[in-house]
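Enquirer: Have a look at this prediction, sequence included:
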Amino acid sequence: MIQIRRSQERGYADHGWLRSFHSFSFAGYYDPAHMGFGNLRVINEDRVAAGAGFGTHGHRDMEIVSYVLSGELAHKDSMGNVESIPPGDVQRMSAGRGVMHSEFNHKKDETTHFLQIWIEPNVKGIEPGYEQKAFPDAEKRGRLRLVASPDAADGSVLIHADARLYAGLFDSNEQAQLALDPTRKTYVHLIRGELEINGEKLSGGDAAKLEGVDALSITGGKQAEVLVFDLQA
């Protein structure tokens, strides 16, 4: 089964300094039909205005992944990490038994555009942790590059969750296939551009939920950037 959800069907919030599309119920957006998928709980597509950001706030027992698309995101947390996250980097923060952090766009004339992703962990109450790695475009061009996994395979960031996250860039005749376990769930989020997955056409912001499917086929890319999640059922 493949279920398509179009970009315009997502929740949306405009706070002035922050414009955010919510793939799943979050904050003031609630839709009982979209509370998450498998152990994927949040995908927020955020645009943070110049000189603005999220003040210090806390998290517990969640694997939080940030994927920056343009601009830079400044991160500071109670573990002592003070980092800048540029496009191409993947940041993972394991909230565990509790962590405080802030995120800010220090640019004076540029919006920071990024994805905030929450995945439910398979272990709770752990020591909070942080990891950040760069994944150059060349590693994602015409293929699905593993960027997060529970075993840090292939140089991916380590997440304490039964999930794997792939990122890919596709244009022109570039194609990719990924074998799937039909007893698990797969979520495809097209960040931008156009793409076909298993013959279904997607445009930027669209997503696809796959269940009972044993293979993912990616074709027809037009300046496409895509994330693919392999999730527990």
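Expert: On my side now, so go ahead.
Enquirer: contacting residues for the closest residue to residue 112 other than its chain neighbours?
Expert: Of all residues not flanking residue 112 in the chain, residue 71 sits nearest, at 3.4 Å (CB to CB, 6 or more residues apart in numbering). C-beta: built from backbone N, CA, C; applies to glycine. By CB atoms under 8 Å, 6 or more residues apart in numbering, the contact list for residue 71 reads 48, 87, 105, 107, 110, 111, 112, 113, 114.
Enquirer: at 7 Å instead, please
Expert: For residue 71, the contact set (CB atoms under 7 Å, 6 or more residues apart in numbering) comprises 105, 107, 110, 111, 112, 113.
Enquirer: same thing with residue 82?
Expert: With CB under 7 Å, 6+ apart, residue 82 has these contacts: residue 76.
Enquirer: what are the bridge partners for it, then?
Expert: residue 76 (DSSP bridges).
Enquirer: And the residue nearest the centre of the chain, how close does it get to residue 138?
Expert: In the chain, the centroid-proximal residue (CA atoms, centre = their mean) is residue 117; its distance is 4.4 Å. Using CB to CB, to the nearest Å, we find residue 117 at a distance of 23 Å from residue 138.
Enquirer: Could you pull up phi and psi at the residue nearest to the centre of the chain?
Expert: phi -120, psi 130 (degrees, to the nearest 10).
Enquirer: right, and it touches residue 39 too?
Expert: No: applying CB atoms under 7 Å, one finds residue 117 not in contact with residue 39, separated by 11.5 Å.
Enquirer: Among the contacts of residue 71, name the least confidently predicted one.
Expert: Least confident of those in the model: residue 107, at 91.
Enquirer: Leaving out sequence neighbours, find the closest residue to it.
Expert: Residue 107 sits nearest to residue 50 (CB to CB, 6+ apart), 5.1 Å away.
Enquirer: got a list of what that neighbour touches?
Expert: 105, 107, 108, 109, 110, 111.
Enquirer: Got the phi and psi for the fifth one?
Expert: It refers to residue 110. phi -140, psi 130.
Enquirer: Grab the longest strand from this structure for me.
Expert: Using DSSP state E to define each element, the chain has its longest strand at strand 215-231.
Enquirer: Show me the strands paired with that one, marking each as parallel or antiparallel.
Expert: Checking strand 215-231 against DSSP bridges gives partners strand 163-170 (antiparallel), strand 176-179 (antiparallel), strand 185-197 (antiparallel).
Enquirer: of those, which approaches residue 221 most closely?
Expert: Residue 221 lies closest, by CB to CB, to one member of the strands paired with strand 215-231: strand 163-170, at 2.8 Å.
Enquirer: Distance from the chain centre to that closest one, please.
Expert: 9 Å (CA atoms, centre = their mean, to the nearest Å).
Enquirer: Tell me the buried residues in that strand?
Expert: 163, 164, 165, 166, 167, 168, 169, 170 (16 or more other CB atoms under 10 Å).
Enquirer: Kindly report the same for stretch 207-226.
Expert: Here stretch 207-226 shows 207-211, 213, 216, 218, 220-221, 224-226 as buried, counting by 16+ other CB under 10 Å.
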